[in-house]
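Peer 1: Show me the folded form of this:
(one chain, ligands or ions: 2)
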Amino acid sequence: MKVTIVGAGNVGATCADVISYRGIASEVVLLDIKEGFAEGKAMDIMQCATTTGFNTRVSGSTNDYSKTAGSDVVVITSGIPRKPGMTREELIGINAGIVKSVAENVLKYSPDTIIVVVSNPMDTMTYLTLKATGLPKNRIIGMGGALDSSRFKYYLSKALDKPSNDVQGMVIGGHGDTTMIPLTRLASYNGSPVSSFLSQDVLDKVAADTMVGGATLTGLLGTSAWYAPGASVAFLVDSILNDQKRMIPCSVYLEGEYGQNDICIGVPCIIGKNGIEEIVNIDLNDAEKALFAKSADAVRAMNGDLKSVLA
Ligand SMILES: NC(=O)C1=CN([C@@H]2O[C@H](COP(=O)(O)OP(=O)(O)OC[C@H]3O[C@@H](n4cnc5c(N)ncnc54)[C@H](O)[C@@H]3O)[C@@H](O)[C@H]2O)C=CC1
Ligand SMILES: O=C([O-])CC(=O)C(=O)O
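Peer 2: Ligands and ions are numbered 1, 2, ... in the order given. Okay, here's the model as predicted:
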């Protein structure tokens, strides 16, 4: 199985690294516009093969899309990340043009591929990719919910003082500081509601910390995060390539689901060899439905800024 990752920067290279050492794909191509950069990252990763023990072939390419031919999955991480104090939405001006041209280029060589969109603002970039390529909705997947949910479980595990892997929970809605919806009511500690162990005040703080999880790291690092983002993309790619049918919140085009139309936003999806195989309808209460509608309004407003790129 072949995966192409466009953008060999922090997130793209981390994703290639995780895919190879976990043996998720047999071949990974990293592509970047910066001369020699993807080749260098690929060589560095390949020099781990004997010490971490993997057989994936990782190669790099400077903007030569012929090297990406026949990819089963293409991950788009190309574009700029935010700096401290910025929102993801502020990246739209530069990233929209990059994401659109990258999507068009990859399809020339991999017409049957599934595209995973990572570049921010991710929900808007996913919508742009869908509209610009005309691909069926199951083949365009926005990655955000997997990462936001892993951060949610991290903050829950800290509050519970228990291991993250004993915590279940999901974040739906937009992948933005104010549009994410951590579903605290449905989160559990090995099957028991977390509300049995944590007060509402603590749960509210967990939700608030989750929503600004990316901004917190950007403030600490000076650029946005990459370890958890790269690993979250690899987790999603694993479910596609190995047809795992995991339920993962992803940004997907909605046609009536959750009361929304003509928008890409995070909802739980079954992810398998056909990409988005099912949109799972979970029962939201009235407060959660209201939050989802508000989140969708904000994401839809951002999509309005794509008019010139899509014209
Ligand atoms: N959806 C999510 O959950 C997350 C999204 N992101 C987003 O992912 C994107 C990448 O972040 P980082 O890897 O930290 O940035 P980075 O700056 O480390 O890497 C981006 C790479 O894209 C390359 N690039 C730019 N234009 C290109 C083009 N036309 N073709 C090929 N490559 C091109 C750059 O040369 C650079 O190497 C950002 O937009 C960031 O906001 C980051 C983390 C999580
Ligand atoms: O915070 C950012 O800008 C990058 C991102 O989407 C994340 O780490 O969640």
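
Peer 1: Quick one: the strands in the protein, in order.
Peer 2: Applying DSSP state E to the chain gives strands spanning 2-6, 27-32, 57-62, 73-76, 114-117, 140-142, 167-168, 171-173, 180-182, 188-189, 192-193, 246-255, 261-272, 275-279.

Peer 1: Strand partners (parallel or antiparallel) of the third one?
Peer 2: The strands that strand 57-62 pairs with in its sheet are strand 27-32 (parallel) (by DSSP bridges).

Peer 1: Which residues does the strand it pairs with contact?
Peer 2: Identification of contacts with strand 27-32 by C-beta atoms under 8 Å, 6 or more residues apart in numbering yields 1-9, 12-13, 16, 19-20, 38, 41-42, 56-65, 67-68, 71, 78. (Each C-beta comes from the backbone N, C-alpha and C, glycine too.)

Peer 1: Same question for stretch 203-222.
Peer 2: So stretch 203-222 is contacted by 81-86, 88, 148, 151-152, 155-156, 159, 171, 177-178, 180, 182, 184, 194-195, 198, 224-225 (C-beta under 8 Å, 6+ apart).

Peer 1: closest to ligand 2 out of the strands of the chain?
Peer 2: strand 180-182 (9.2 Å; C-beta to the nearest ligand atom).

Peer 1: For the stretch 201-311 of the chain, which residues are neighbours of ligand 2?
Peer 2: 214-215, 218, 224-225, 229 (C-beta under 6 Å from any ligand atom).

Peer 1: Among the residues you listed, which ones are in helices?
Peer 2: 214-215, 218, 229 (DSSP state H).

Peer 1: Which single residue of the stretch 1-150 of the chain approaches ligand 1 most closely?
Peer 2: For the stretch 1-150 of the chain, C-beta to the nearest ligand atom, closest residue to ligand 1: Gly9, 1.7 Å.

Peer 1: For stretch 186-206, could you pull out the residues that count as buried?
Peer 2: By 16 or more other C-beta atoms under 10 Å, the buried positions in stretch 186-206 come out as 186-189, 194, 197-198, 202-203, 206.

Peer 1: Of the contacts of stretch 203-222, just the buried ones, PyMOL syntax please.
Peer 2: Only the buried entries of the contacts of stretch 203-222 go into this PyMOL selection, using 16+ other C-beta under 10 Å:
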select buried, resi 81+82+88+148+151+152+155+156+159+171+180+182+184+194+198+224+225
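
Peer 1: State the mean pLDDT of stretch 240-258.
Peer 2: Stretch 240-258 shows a mean pLDDT of 98.

Peer 1: Kindly export it (C-alpha atoms) in CSV.
Peer 2: Written as CSV, here are the backbone C-alpha positions of stretch 240-258 (Å, rounded to 0.1, in the frame of the first residue of the first chain):
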residue,chain,number,x,y,z
ILE,A,240,-8.3,3.2,5.8
LEU,A,241,-5.4,1.1,4.5
ASN,A,242,-6.1,-1.8,6.9
ASP,A,243,-9.9,-1.5,6.6
GLN,A,244,-10.2,-1.4,10.3
LYS,A,245,-13.6,0.4,10.3
ARG,A,246,-12.7,2.4,13.4
MET,A,247,-15.2,5.1,14.5
ILE,A,248,-13.2,8.3,14.3
PRO,A,249,-14.6,11.8,14.3
CYS,A,250,-13.7,13.3,10.9
SER,A,251,-14.6,16.4,8.9
VAL,A,252,-17.0,15.1,6.2
TYR,A,253,-19.4,16.6,3.7
LEU,A,254,-22.9,16.5,5.3
GLU,A,255,-26.1,16.2,3.3
GLY,A,256,-28.8,16.4,6.0
GLU,A,257,-26.9,14.5,8.7
TYR,A,258,-27.0,16.3,12.0
